[in-house]
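Colleague: coordinates only, sequence not included:
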Ligand SMILES: Nc1ncnc2c1ncn2[C@@H]1O[C@H](COP(=O)(O)OP(=O)(O)OP(=O)(O)O)[C@@H](O)[C@H]1O
């Protein structure tokens, strides 16, 4: 795969994210080798594979949290190391764990995220003060705003984390098992949210075993079949 520099006038629309010859070894075992793929605006990439195949590790590499790998990750045509500011300002990462503070209320957790991000977030049509309330309502937590997170169920705690998808506008969402602990209604709403993000031109990379009811924007990477150094399969067909 050739990555052209963003300064090349002939290359006006580089993919948002591109990965070239990405390899990662842990415990003297290759998780994946020579992985190549690109992700453009409007696409959802689903990373699949058995337990321990390297899905979370790949997401951590793609989100700039783990750098012990070979190969390169590009953001809008530039190595992430050279575009770090723009990359981080465009990224929203939700990890495997909800990553919330149990002693803080649902609302305080979102305020904490806002403070960490150092930006004034707003939900469409809602000012920044009311945006956390709107984000919690959007994930079905209206009425639970002032409840300490540790008193909420696992699914409700996950919903606090998912509220950030409504609160914090970012082009690239990197999501580790976002459907975990979510009920049927919540799964349908989250699927719609991901599709709406893609329809607006955003991109999503995620690990999940969830099967989308509408796979039109979906591509898949399968990890785990590359113990001999074969390239993981990239399923270009709609899942
Ligand atoms: N901090 C670490 N130090 C050393 N090895 C690690 C570390 N984190 C993960 N690994 C190893 O890397 C491999 C891949 O782990 P990873 O969490 O990426 O897999 P996964 O596909 O996300 O698994 P699961 O489906 O169980 O969540 C595992 O064998 C794991 O033991």
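Modeller: Nice, thanks for sending it over. Computed from a predicted structure; not experimentally measured.

Colleague: Domain map for this structure?
Modeller: 1-90+170-239, 99-169 (automatic domain parsing).

Colleague: looking at the ones you listed, which is closest to the ligand?
Modeller: Closest approach to the ligand among the domains of the chain (Cβ to the nearest ligand atom): domain 1-90+170-239, 3.3 Å. Just so you know, the C-beta spots here come from the backbone N, C-alpha and C atoms, and that holds for glycine as well.

Colleague: Same list (the domains of the chain) but as CSV, adding mean pLDDT.
Modeller: Below are the domains of the chain laid out as CSV (pLDDT from 0 to 100):
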stretch, mean pLDDT
domain 1-90+170-239, 85
domain 99-169, 88
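
Colleague: got the residues of this protein near the ligand?
Modeller: Contacts of the chain with the ligand, taken as Cβ under 6 Å from any ligand atom, map to 26, 27, 31, 49, 51, 52, 53, 54, 55, 56, 57.

Colleague: Turn those residues into TSV, columns for distance to residue 75 and secondary structure.
Modeller: Formatted as TSV, the residues of the chain next to the ligand follow (distance: Cβ to Cβ, whole Å; DSSP: H, G, I helix; E, B strand; the rest coil):
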residue	distance to residue 75	secondary structure
26	24	strand
27	29	coil
31	22	strand
49	24	coil
51	29	coil
52	28	coil
53	25	coil
54	21	coil
55	21	helix
56	20	helix
57	19	helix
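
Colleague: Select only the buried ones of those residues in PyMOL?
Modeller: The PyMOL selection below is limited to those of those classed as buried (16 or more other Cβ atoms under 10 Å):
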select buried, resi 31+49+53+54+55+56+57
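
Colleague: now, which of the residues of the chain next to the ligand sits nearest residue 164?
Modeller: residue 56 (18.6 Å; Cβ to Cβ).
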